[in-house]
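Colleague: Next comes the sequence, and after it the predicted model I'd like to discuss.
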Amino acid sequence: MQQRWDRAPMDARLRGQAGNTRPHDQWIAFTARRKRPVVANTAITRELAGWCWSLAVMDD
């Protein structure tokens, strides 16, 4: 079975990987700084919304 990312352009693959790792790294940093979970979730959600927007406007 072929993975969906195998059919995506390389730019989309790289952004996809960044979209997976960056929120996780941010969550770890927020936890280390003892941020309230609601504040951390809001920041990460905002980051993911921006990431989705960047994929939507990306040239093929």
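Modeller: Structure's in. What do you need?
Colleague: any idea how far Ala18 is from Ala8?
Modeller: Applying C-beta to C-beta, to the nearest Å, the value for Ala18 to Ala8 is 13 Å. Backbone N, C-alpha and C define where each C-beta goes, glycine included.
Colleague: just the helices in the chain please.
Modeller: Counting by DSSP state H, the segments of the chain that form helices are 10-32, 37-56.
Colleague: What residues of the worst-scoring helix or strand of the chain on mean pLDDT count as buried?
Modeller: The weakest-scoring helix or strand in the chain, judged by mean pLDDT, DSSP states H and E, is helix 10-32 (a mean of 84). Buried residues in helix 10-32, counted by 16 or more other C-beta atoms under 10 Å: 15, 19, 23, 27, 30.
Colleague: And stretch 34-45, by the same measure?
Modeller: Applying a neighbour-count criterion of 16+ other C-beta under 10 Å, one finds 35, 40, 43-44 buried in stretch 34-45.
Colleague: okay if I get those as JSON lines plus pLDDT and distance to Gly50?
Modeller: Formatted as JSON lines, the buried residues of stretch 34-45 follow (pLDDT from 0 to 100; distance: C-beta to C-beta, whole Å):
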{"residue": "Lys35", "pLDDT": "92", "distance to Gly50": "19"}
{"residue": "Ala40", "pLDDT": "91", "distance to Gly50": "16"}
{"residue": "Ala43", "pLDDT": "91", "distance to Gly50": "11"}
{"residue": "Ile44", "pLDDT": "91", "distance to Gly50": "11"}
